[in-house]
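> Model the following, please.
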Amino acid sequence: MSGLSAIPFSLLELSPMKEDATVSSTLANSVAYAQKADELGFNRFWMAEHHNMPGIVCAATSVLIGHIAGQTKTIRVGAGGVMLPNHPPLIVAEQYGTLESLYPGRIDLGLGRAPGSDHITSRALRRDERRAENFADEVTELQTLLGPYDGSHPVRAIPGEDTKVPIWLLGSSLFSAQLAAQKGLPYVFAGHFAPRFVHDAIALYKREFKASGVLDKPYVMLALPLVAADTDDEAQYLSTTSKQRVLELIRGNELWLKPPVESMDGLWSEQERAHVENFLSLSVVGGHVSIKHKLEMIAKQLEVDEFIFTNDVFDSEKRHRALEILMEIKH
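Down below sits the predicted model:
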């Protein structure tokens, strides 16, 4: 039996869009992808909030979560995450309390303090950039709104109150790790785009964790970029899709999902190559044996409790095949 058999596998979805596709067809692909994950026994399917990014169409995160929960059966569906400074905590509590009431026991609420966009878009969202400094207080406010009413606060989330939607803190630095530890909340490290502090953040979270009414011991989920295929060579070829996307990101261009290429030579400079490879340094790329070995190594080194994967593969069938391969290596 694999050492991975006891570790839940989950998915983080950005609804990647091809340049010649429609939003409707892209979202239909996300639903089909979630249904495949549900069928295979994945633990969670989370949507990430992004704004003003052509090529990523998951801006209305709570709407998509409700739709996908309604089209699946048992998989947990949630936000990975809501960028809390963009939204009043009361609105978030009402939205996710409503979702939890519609799909009991299946909704997760991951919270981040980044804008999920650029500064101009942040202002268009009416976002006060100083609110990020109040992130800890707003997490507490949200916990109160989703908890039982104790008669002490005049504003109540109806619905939302006493739904106890599970709250996770997401981060790519030490700040959220420390806050999750102080509050006794589960923690997700964003290794899919910011691998630099992965060891320090997880160690800090575990070292400073304080038991709470939510958790009696630390719980770490690690986000990783995944490209799984039937052979290592095929996986390396398919991985050029995500490399092209990261390349466009660092150039400040649109983020359309592009078909794989035989070689990245000529598409990037040496400096850009180094930047992309650093961005994707925690990527898990390969066939069954390679994927299994790398995940077992990461699980052992970092002692993670759960993996959540991004899966930027151009072809939908191959994207679904990657999910099958992940489940095959667990057993």
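> Nearest residue to residue 153 in space, please, no chain neighbours.
Leaving aside its sequence neighbours, residue 153 sits nearest to residue 144 (Cβ to Cβ, 6 or more residues apart in numbering; 6.3 Å). All C-beta atoms are positioned from the backbone trio N, CA, C, and that covers glycine.
> host element of the one you found?
Using DSSP states H and E, residue 144 sits in helix 135-146.
> residues of that helix that come out buried?
In terms of neighbour count (16 or more other Cβ atoms under 10 Å), helix 135-146 has its buried residues at 135-136, 138-139, 141-146.
> Other residues contacting it?
Residues from elsewhere that reach helix 135-146 (Cβ atoms under 8 Å, 6 or more residues apart in numbering): 84-85, 89-90, 92-93, 96-97, 109, 111, 113, 131, 153, 155-157, 160-165, 167, 169, 179, 183.
> Name the SS class of residue 111, please.
Secondary structure, DSSP: H, G, I helix; E, B strand; the rest coil: residue 111 is strand.
> give me the number of residues near it?
The number of residues packed near residue 111 is 28, by other Cβ atoms under 10 Å.
> before we move on, back to that, restricted to helices, list the contacts of helix 135-146.
Members of the contacts of helix 135-146 lying in helices (criterion: DSSP state H): 89-90, 92-93, 96-97, 179, 183.
> Quick one: list the elements packing against the one helix or strand residue 285 maps to.
Assigned by DSSP H and E, residue 285 belongs to strand 284-286. In this structure, strand 284-286 makes packing contacts with strand 220-228, helix 232-238, helix 288-302, judged by 3 or more Cβ pairs under 8 Å, 6 or more residues apart in numbering; DSSP states H and E.
> Given it, what are its sheet partners and their directions?
strand 220-228 (parallel) (DSSP bridges).
> out of the ones in helices among the contacts of helix 135-146, which are buried?
89, 92-93, 96-97, 179, 183.
> For residue 314, state which of those is nearest.
Nearest to residue 314 out of these is residue 96 (Cβ to Cβ; 32.2 Å).
> Surely the closest one is in contact with residue 61?
No. With contacts defined as Cβ atoms under 8 Å, residue 96 does not count as touching residue 61, sitting 10.1 Å away.
> which residues are in contact with both of those two?
Common neighbours of residue 96 and residue 61 (Cβ under 8 Å, 6+ apart) are 79, 82.
> of the buried residues of helix 135-146, closest to residue 239?
When the buried residues of helix 135-146 are compared against residue 239 (criterion: Cβ to Cβ), the nearest one is residue 135, at 33.9 Å.
> any idea of the pLDDT on that closest one?
On pLDDT, residue 135 comes in at 88.
> for residue 2, same thing?
For residue 2, pLDDT reads 59.
> go on, the one 3 residues further on?
pLDDT for residue 5: 92.
> What is the neighbour count of residue 271?
9.
> any idea which element it lies in?
Secondary structure from DSSP H and E places residue 271 in helix 270-279.
> Which other helices and strands does that helix contact?
Using 3+ Cβ pairs under 8 Å, 6+ apart, the elements in contact with helix 270-279 are helix 240-251.
> roughly how far out does the helix it packs on sit from the chain middle?
Mean-position distance between helix 240-251 and its chain equals 18 Å (Cα atoms, centre = their mean, to the nearest Å).
> got the contact list for it?
Helix 240-251 is contacted from outside by 16, 55, 225, 227, 254-261, 263-264, 267-268, 272, 275-276, 279-280, 283, 310, 312-314, using Cβ under 8 Å, 6+ apart.
> Measure how it sits relative to strand 220-228, angle-wise.
120 degrees (axes from the mean of the first three to the mean of the last three Cα atoms, to 10 degrees).
> any idea of the mean pLDDT in helix 240-251?
Mean predicted confidence for helix 240-251 is 96.
> just the buried residues of helix 135-146 now: which is nearest residue 295?
Ranked by distance to residue 295 (Cβ to Cβ), the buried residues of helix 135-146 are led by residue 139 at 30.3 Å.
> Could you check how far the closest one is from residue 168?
Using Cβ to Cβ, to the nearest Å, residue 139 is found at 11 Å from residue 168.
> And residue 237, by the same measure?
34 Å.
> These two: which is more packed in?
residue 168 (24 against 16).
> Can you give me every residue that contacts that one?
Contacts of residue 168 (Cβ under 8 Å, 6+ apart): 80-81, 108-111, 180, 185-188, 221.
> Now for residue 260: which residues touch it?
Contacts of residue 260 by Cβ under 8 Å, 6+ apart are 237-241, 314.
> No further questions, thank you.
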